[in-house]
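**Student:** No sequence on hand, only this structure:
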């Protein structure tokens, strides 16, 4: 949960930087390179924080989840290695040029470096989501004599049944997350001064993204849900709060309190038959409930139920922001409407909230399995005593809050100042050579060593 907010931001921000640099090369407008340099500094900090938190995640395979690593290593291990060999090498190889090479390698070659970093983040998402999707909908595997999962068909392993839906849903979520942050920063500065060129451009671009992508994300989420109904029906039961089966149309439970022990939703507010219409496209379609599943295979319904609703609520708020901005744009008041700007500032964290809520839904909904239906979570953990796990967790929480709080405060300070004419990037005032080593080469090599270990896990 802690780590995912960083790649969700860097995936979208890397693509946004590529778009800004492309627009600058195409139009020659100074505002685009000013915005590029402004967001490049923020990207550098966020990327570094993602690298550090990703390294800790990679350690968990050998510490907390050694049994899982032993059982699934022949499948999960190569997928992780493909990510390093493709995405991390690409990002590490071009990141130093992207950060420090604008006036050193030529503008067109620098744009290629920016594009490669953006593509690298997308490739990283491809492999990580393939690995996670295989755990959700395993395919193309066989069991060897030692009880390990091995790949019988790599194409089926990689392109497992839920993978395309998860990839589209996550990448769109990353783009929306970035757009909401960019829009919030632009709106914040427009509330102070409506005539600033940089905030006007970034706010307009962010609102276009929200207007166009939010409805696409809702459609993609619906298709992902239908795929989950086919391959992980118990997860859908938990998400919808369907403890009981419905033979003549299931209701849509809007709100309520799932009672795991009693097997019902207390204080339910529901719309009759709408659940069947959404999931089966028929008002009277029957839907099975958790009463058809052994209790030992139930997910933690309250967590899954509420995290799903938080995600959906954030999605519709994004849609509302996009539609409101479109209305104001058509009226010609996009940069003057203070109510819209306040709404956009308030929606700044909404993308991160939606990503976290969606990830919680995905991961708790597949419980009690790590490999859905095949390997239970209780069989995946390392043979460690609870105090050992608890003490290390507390230590990481303390370090994370101390170190990353400082990083987040620094990012907010960068955002608090508006982009201005002649905005300088990270390479500003960096000496060109020190003891025969260029800063670009030094940073690239250092970043490469760290990034290759585990950035976008």
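**Tutor:** Nice, thanks for sending it over. Not measured: the values here are computed from a predicted model. Residues are numbered from 1 along each chain as shown.
**Student:** Which parts of the stretch 51-200 of the chain are strands?
**Tutor:** 141-143, 149-151 (DSSP state E, counting those that start in this stretch).
**Student:** What strands flank the first one, and is each parallel or antiparallel?
**Tutor:** According to DSSP bridges, strand 141-143 has the following sheet partners: strand 149-151 (antiparallel).
**Student:** Would you mark the buried spots in the partner strand?
**Tutor:** In terms of neighbour count (16 or more other C-beta atoms under 10 Å), strand 149-151 has its buried residues at 149, 151. All C-beta atoms are positioned from the backbone trio N, CA, C, and that covers glycine.
**Student:** same question, stretch 268-281
**Tutor:** Using 16+ other C-beta under 10 Å as the test for burial, stretch 268-281 gives 270, 273-280.
**Student:** Residue 17: which of the strands of the stretch 51-200 of the chain is closest?
**Tutor:** For the strands of the stretch 51-200 of the chain, the distance to residue 17 is smallest for strand 149-151, at 35.9 Å, taking C-beta to C-beta.
**Student:** Residues touching that closest one, excluding its own?
**Tutor:** 71-72, 74-75, 78, 138, 140-144, 157, 371, 374-375 (C-beta atoms under 8 Å, 6 or more residues apart in numbering).
**Student:** try 6 Å
**Tutor:** Residues outside strand 149-151 that contact it (C-beta atoms under 6 Å, 6 or more residues apart in numbering) are 72, 74-75, 141-142, 144, 157.
**Student:** just stretch 5-19 next, same as before
**Tutor:** With C-beta under 6 Å, 6+ apart as the test, stretch 5-19 has contacts from 36, 39, 43, 46-47, 49-50, 114-115, 117-118, 121, 125, 174-175, 177-178, 352, 355, 456.
**Student:** what does stretch 374-385 give?
**Tutor:** With contacts defined as C-beta under 6 Å, 6+ apart, stretch 374-385 is touched by 64-68, 71, 368-370.
**Student:** Now do the end-to-end distance for that stretch.
**Tutor:** 24 Å (C-alpha to C-alpha, to the nearest Å).
**Student:** Show the residue spans covered by the helices in the stretch 101-250 of the chain.
**Tutor:** Taking DSSP state H, counting those that start in this stretch to define them, one finds helices in the stretch 101-250 of the chain at 107-136, 154-158, 163-192, 197-231, 233-240.
**Student:** so can I have JSON lines of these showing distance to residue 423 and mean pLDDT?
**Tutor:** What follows is these, written out as JSON lines (distance: least, C-beta to C-beta, whole Å; pLDDT from 0 to 100):
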{"stretch": "helix 107-136", "distance to residue 423": "16", "mean pLDDT": "93"}
{"stretch": "helix 154-158", "distance to residue 423": "41", "mean pLDDT": "95"}
{"stretch": "helix 163-192", "distance to residue 423": "13", "mean pLDDT": "95"}
{"stretch": "helix 197-231", "distance to residue 423": "8", "mean pLDDT": "94"}
{"stretch": "helix 233-240", "distance to residue 423": "45", "mean pLDDT": "94"}
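**Student:** The ones you listed: which one's closest to residue 87?
**Tutor:** That would be helix 107-136 among the helices of the stretch 101-250 of the chain, by C-beta to C-beta, at 3.5 Å.
**Student:** So what's the gap between that closest one and the chain middle?
**Tutor:** Put simply, helix 107-136 sits 13 Å off its chain's centre (C-alpha atoms, centre = their mean, to the nearest Å).
**Student:** Okay, buried residues for that helix please.
**Tutor:** 110-136.
**Student:** That one to helix 197-231, inter-axis angle?
**Tutor:** 30 degrees (axes from the mean of the first three to the mean of the last three C-alpha atoms, to 10 degrees).
**Student:** what packs against helix 107-136?
**Tutor:** helix 5-27, helix 66-83, helix 89-100, helix 163-192 (3 or more C-beta pairs under 6 Å, 6 or more residues apart in numbering; DSSP states H and E).
**Student:** one step back: for residue 413, state which of the contacts of strand 149-151 is nearest.
**Tutor:** Distances from residue 413 to these, taken by C-beta to C-beta, are shortest for residue 72, at 42.5 Å.
**Student:** For that closest one, which residues are in contact?
**Tutor:** Here residue 72 is in contact with residue 149 (criterion: C-beta under 6 Å, 6+ apart).
**Student:** rerun that using 10 Å as the cut-off
**Tutor:** Counting by C-beta atoms under 10 Å, 6 or more residues apart in numbering, residue 72 touches 61, 65, 79, 131, 134-135, 138, 141, 148-150, 370-371, 374-375, 380.
**Student:** In the stretch 251-400 of the chain, what residue spans correspond to strands?
**Tutor:** 252-259, 264-271, 369-371, 375-376.
**Student:** got those strands as TSV, with distance to residue 425 and mean pLDDT columns?
**Tutor:** Below are the strands of the stretch 251-400 of the chain laid out as TSV (distance: least, C-beta to C-beta, whole Å; pLDDT from 0 to 100):
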stretch	distance to residue 425	mean pLDDT
strand 252-259	48	91
strand 264-271	52	90
strand 369-371	43	95
strand 375-376	47	94
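**Student:** still on that earlier bit, switch the buried residues of stretch 268-281 over to JSON lines; also include distance to residue 23.
**Tutor:** Below are the buried residues of stretch 268-281 laid out as JSON lines (distance: C-beta to C-beta, whole Å):
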{"residue": "270", "distance to residue 23": "48"}
{"residue": "273", "distance to residue 23": "49"}
{"residue": "274", "distance to residue 23": "44"}
{"residue": "275", "distance to residue 23": "45"}
{"residue": "276", "distance to residue 23": "47"}
{"residue": "277", "distance to residue 23": "43"}
{"residue": "278", "distance to residue 23": "40"}
{"residue": "279", "distance to residue 23": "42"}
{"residue": "280", "distance to residue 23": "45"}
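**Student:** in the protein, what spans have low per-residue confidence?
**Tutor:** For the chain, the stretches flagged by pLDDT under 70 are 427-457.
**Student:** As CSV, the contacts of strand 149-151 with distance to residue 1 would be great.
**Tutor:** Below are those laid out as CSV (distance: C-beta to C-beta, whole Å):
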residue, distance to residue 1
72, 21
74, 28
75, 24
141, 27
142, 33
144, 33
157, 26
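**Student:** which of these sit farthest apart?
**Tutor:** Those two in those that are separated most widely, counting by C-beta to C-beta, are 144 and 157, at 14.7 Å.
**Student:** These two: which is more packed in?
**Tutor:** For the pair residue 144 and residue 157, the greater number of neighbours falls to residue 157 (24 against 9), based on other C-beta atoms under 10 Å.
**Student:** No more questions from me, cheers.
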